[in-house]
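A.B. asks: Quick check, what structure comes out for this input:
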Amino acid sequence: MPTNPKSILALEATEAVIARDGFANFTIDAVATQAGLSKGGVLHHFGSKDALIRALVLRGAEQWKANCAEALELASEGPARFARGILEFYLSDKKSWSNERKSVACAYLAALSLDPELIEPIKAVSCNVHEQFLDNDIPVGLGLVIISALDGLWMSWALGLNEYNEERNRLLLQTLRLMVEDAISDKK
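C.D. replies: Numbering: from 1, shown residues only. Here you go, the predicted structure:
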C-alpha cells in the first residue's frame with residue numbers, strides 16, 4: 001500500500017477520473033492532470049497503467065478492511081457485535097452507495113477481468129469478513145444469509161442491476177437487524 005503523498009494523490013486522482021470518465025476512458029494523462037502531477041511523475045510512482053490499477057484494487061481491499069474495523073469499533077458491545085456493526089455501517093451510509101463509489105466499484109470489477117489475480121487481496125478480506133460473520137454469536141446459517149445479502153446487494157448495485165434505494169436499504173437493515181436480535185434472544 002503506497003504511503004508516499006504523491007502516490008496517494010495519484011490513487012485519489014485515479015478514483016476521481018474513473019468516477020468522472022469511466023474505467024474504459026481513464027488515462028495516465030488524465031490522472032496526472034487531476035493530481036497536478038506530470039505523466040512522468042505518475043509513472044515514476046507506479047510504472048504503468050496496470051500497476052496503477054493494481055495499486056487501486058489493493059487500496060480498495062485495504063479500505064474495505066479499515067471499514068470493517070471502523071464498523072466494529074462503532075458498534076455497541078454485546079452479542080453479534082460484528083454483524084450489527086457491518087449492517088449499520090453499510091446499510092445506513094448513503095455515501096457508500098453514491099454514483100462516484102459505483103464507478104470505482106465498476107473499475108475494480110473491470111480490473112479483475114483484465115487481471116484475475118487481483119481477486120486475491122479482495123478474496124482475503126472477503127474471507128476474513130465471512131469468518132467474522134460466522135464466528136459472531138449468531139447461528140451460522142443467519143451469518144451466511146446476512147453476508148450473502150450484503151454481497152448480493154453490492155454486486156447488483158455495482159453491476160447496475162439495481163440503483164441505490166434508501167427505502168430498500170432501510171427495510172433490509174430493519175429486517176436483518178430483527179433477525180439478528182431474534183437469534184441473540186433465542187440463545188439466551
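
A.B. asks: Quick check: which element contains the residue nearest to the spatial centre of the chain?
C.D. replies: By C-alpha atoms, centre = their mean, the chain has its centre lying nearest to Trp64, at 4.8 Å. Here Trp64 is covered by helix 49-74, with elements defined by DSSP states H and E.

A.B. asks: Same check on Ser113?
C.D. replies: Counting by DSSP H and E, Ser113 is part of helix 99-114.

A.B. asks: which parts of that helix are buried?
C.D. replies: By neighbour count with 16 or more other C-beta atoms under 10 Å, helix 99-114 contains the buried residues Arg101, Lys102, Ser103, Val104, Ala105, Cys106, Ala107, Tyr108, Ala111. Any C-beta I mention is one placed from the backbone N, CA and C, and that applies to glycine too.

A.B. asks: Next, the residues that contact stretch 47-67 from outside, please.
C.D. replies: 1-2, 7, 10-11, 14-15, 27-28, 31, 42, 46, 89-90, 104, 107-108, 111-112, 114-115, 118, 121-122, 124-125, 128-129 (C-beta atoms under 8 Å, 6 or more residues apart in numbering).

A.B. asks: count of neighbours near Trp157?
C.D. replies: 19 (other C-beta atoms under 10 Å).

A.B. asks: on that earlier part again, give me the mean pLDDT for the next helix or strand after the helix holding Trp64.
C.D. replies: Note on helix 49-74: by DSSP H and E, the next helix or strand toward the C-terminus is helix 81-92. Summarised as a single mean, pLDDT over helix 81-92 is 90.

A.B. asks: can you check stretch 126-137 too?
C.D. replies: 86.

A.B. asks: List the buried residues in it.
C.D. replies: Val129, Gln132, Phe133, Leu134, Asn136.

A.B. asks: Give the full set of residues in contact with Leu72.
C.D. replies: Leu72 sits next to Arg81, Phe82, Gly85, Ile86 when contact means C-beta under 8 Å, 6+ apart.

A.B. asks: oh, I was asking about Asn4
C.D. replies: Residues near Asn4 by C-beta under 8 Å, 6+ apart: His45.

A.B. asks: Mean pLDDT per helix and strand in the chain: which one sits at the bottom?
C.D. replies: helix 99-114 (a mean of 81; mean pLDDT, DSSP states H and E).

A.B. asks: and the angle from the next helix or strand after it to helix 99-114?
C.D. replies: For helix 99-114, the following helix or strand on the C-terminal side (DSSP H and E) is helix 119-134. Orientation check (axes from the mean of the first three to the mean of the last three C-alpha atoms, to 10 degrees): helix 119-134 against helix 99-114 gives 120 degrees.

A.B. asks: Could you check how far Asp135 is from Cys68?
C.D. replies: 14 Å (C-beta to C-beta, to the nearest Å).
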